[in-house]
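Enquirer: Here you go, sequence then predicted model.
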Amino acid sequence: MGCRKMKKLYLKVLAVLVLGLVSACLFSLRAETEQGGPTAGKESFNAGELILDHVTDKHSWHICDWKGRKIELHLPVILLYQGKLHVFSSERFENERHTYKEFQLRTENPFKGRIVALETTPDGTRVVAAQRPLDFSITKTVFGLFISCLFILLLFAFIVRGYKRNGENTPKGVAALFEPVYLFVRDQVVYANLGKKHGKRFLPYFATLFFFIFLGNLLGIVPFFPFGANVTGNISVTLILAMLTFVLMMGFSTKKFWAHTFNTPGVPLWMKVPVPLMPLIELMELITKPFVLMVRLFANMTAGHIVILGFVSLVLIFGASNVALGWAVSPFTILFGLFADALELLVSFIQAYIFTMLSSSYLAGALGYEGEH
């Protein structure tokens, strides 16, 4: 029965991916053909703009194009400037100068994509003010974080409810799918690096870290609103996750760890005095550990989104020259895009596993735990 359930779940996931890619291609091709393509005197399709529009953070969420019009969710702008709080919709910036009152959403360098304050010079020219407003806006990434957190809370509340109903019986449904993953994280990641004594203490953090990254990666490749935000492909998010691990390391580090850092055993004395080469190398390693965590997750997830969007863009690139050619290419685009999506599913799990594995091993080093022999 377990194998049959897994097969059904796999087929459902596969069907969602196929429908997602097909709908993405059809919506995009319809938007291009209704606009008349480049022959209608309008700007031709730019694949680079489409990809950057998805992987970069914005103050609005583009849902789809319908009859030549963009359907967007305009997110709230929250600014603190000169002691005053300003709250308004990002739709206010949709004008030729992208300005609202004394604020401007920059569309070019410097400060491209950011909100700045404007001031008027004596000759009447409006320029960027030296003082920047504090920006607490709900951007696409922030809204995607809210969606991911809400999805995870509802999912695990549903799983806990299922456990309460079944008692000690074999878990069913979603619980049967996630239990092996949780046990894998507990036994093969946390306990394997920290042992059971320390592992039980830090298991809630590492389990939360793993499922937040894993489910965030999966939701990022679903092409339907309200999913599809490139949350784990945003370097600010991966920076915070890496800093949490770093703070955990430093907060629970032991004397043994610092003694090993500044007086590494087995290293010749000339590498320690008079020039502290080895301590400097060890300190540099402390800095590079969170940096590696941050960049690896960011780069891999961003690259996956770019590859998938690149395949979808092929339909528009060929359709811009000939609509029939665009329809002819679409089946191959869907097949290659589906392959990239399946690969992204694997990468989503691997990146969550690597991030959690390295974080737990870094903490084990800070605790001075050498593993069970």
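Expert: Done, it's in. Keep in mind that this is a model prediction, so the values were computed, not measured.
Enquirer: alpha carbons only for contacts and neighbour counts from here, please
Expert: Noted.
Enquirer: Export stretch 129-137 to PDB, keeping only CA atoms.
Expert: What follows is stretch 129-137, C-alpha atoms only, in PDB (Å, rounded to 0.1, in the frame of the first residue of the first chain):
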ATOM      1  CA  ALA A 129      18.200  63.200  -1.000                       C
ATOM      2  CA  ALA A 130      21.200  62.300   1.000                       C
ATOM      3  CA  GLN A 131      19.100  60.700   3.700                       C
ATOM      4  CA  ARG A 132      17.500  57.400   2.800                       C
ATOM      5  CA  PRO A 133      14.200  56.300   4.200                       C
ATOM      6  CA  LEU A 134      14.000  53.200   6.300                       C
ATOM      7  CA  ASP A 135      12.200  50.600   4.200                       C
ATOM      8  CA  PHE A 136      10.000  48.100   5.900                       C
ATOM      9  CA  SER A 137       7.900  47.300   2.800                       C
END
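Enquirer: buried stuff in that stretch?
Expert: 132-133, 137 (16 or more other Cα atoms under 10 Å).
Enquirer: And stretch 212-228, by the same measure?
Expert: 212-224, 226-228.
Enquirer: try stretch 318-328
Expert: 318-320, 323, 326-327.
Enquirer: and if you look at stretch 107-116?
Expert: Buried residues in stretch 107-116 (16+ other Cα under 10 Å): 113-116.
Enquirer: Check stretch 49-63 too.
Expert: 51, 54-62.
Enquirer: where's the dip in pLDDT among these?
Expert: Ranked by pLDDT, the buried residues of stretch 49-63 bottom out at residue 54, which scores 71.
Enquirer: Quick one: residues in contact with stretch 128-137.
Expert: Residues outside stretch 128-137 that contact it (Cα atoms under 8 Å, 6 or more residues apart in numbering) are 59, 75-82, 115-119.
Enquirer: Kindly reformat the residues you listed as JSON lines containing secondary structure.
Expert: As requested, these are exported to JSON lines (DSSP: H, G, I helix; E, B strand; the rest coil):
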{"residue": "59", "secondary structure": "coil"}
{"residue": "75", "secondary structure": "coil"}
{"residue": "76", "secondary structure": "strand"}
{"residue": "77", "secondary structure": "strand"}
{"residue": "78", "secondary structure": "strand"}
{"residue": "79", "secondary structure": "strand"}
{"residue": "80", "secondary structure": "strand"}
{"residue": "81", "secondary structure": "strand"}
{"residue": "82", "secondary structure": "coil"}
{"residue": "115", "secondary structure": "strand"}
{"residue": "116", "secondary structure": "strand"}
{"residue": "117", "secondary structure": "strand"}
{"residue": "118", "secondary structure": "strand"}
{"residue": "119", "secondary structure": "strand"}
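Enquirer: Redo those residues as JSON lines? Include distance to residue 365.
Expert: What follows is the contacts of stretch 128-137, written out as JSON lines (distance: Cα to Cα, whole Å):
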{"residue": "59", "distance to residue 365": "41"}
{"residue": "75", "distance to residue 365": "43"}
{"residue": "76", "distance to residue 365": "43"}
{"residue": "77", "distance to residue 365": "43"}
{"residue": "78", "distance to residue 365": "42"}
{"residue": "79", "distance to residue 365": "42"}
{"residue": "80", "distance to residue 365": "42"}
{"residue": "81", "distance to residue 365": "44"}
{"residue": "82", "distance to residue 365": "46"}
{"residue": "115", "distance to residue 365": "42"}
{"residue": "116", "distance to residue 365": "44"}
{"residue": "117", "distance to residue 365": "47"}
{"residue": "118", "distance to residue 365": "50"}
{"residue": "119", "distance to residue 365": "52"}
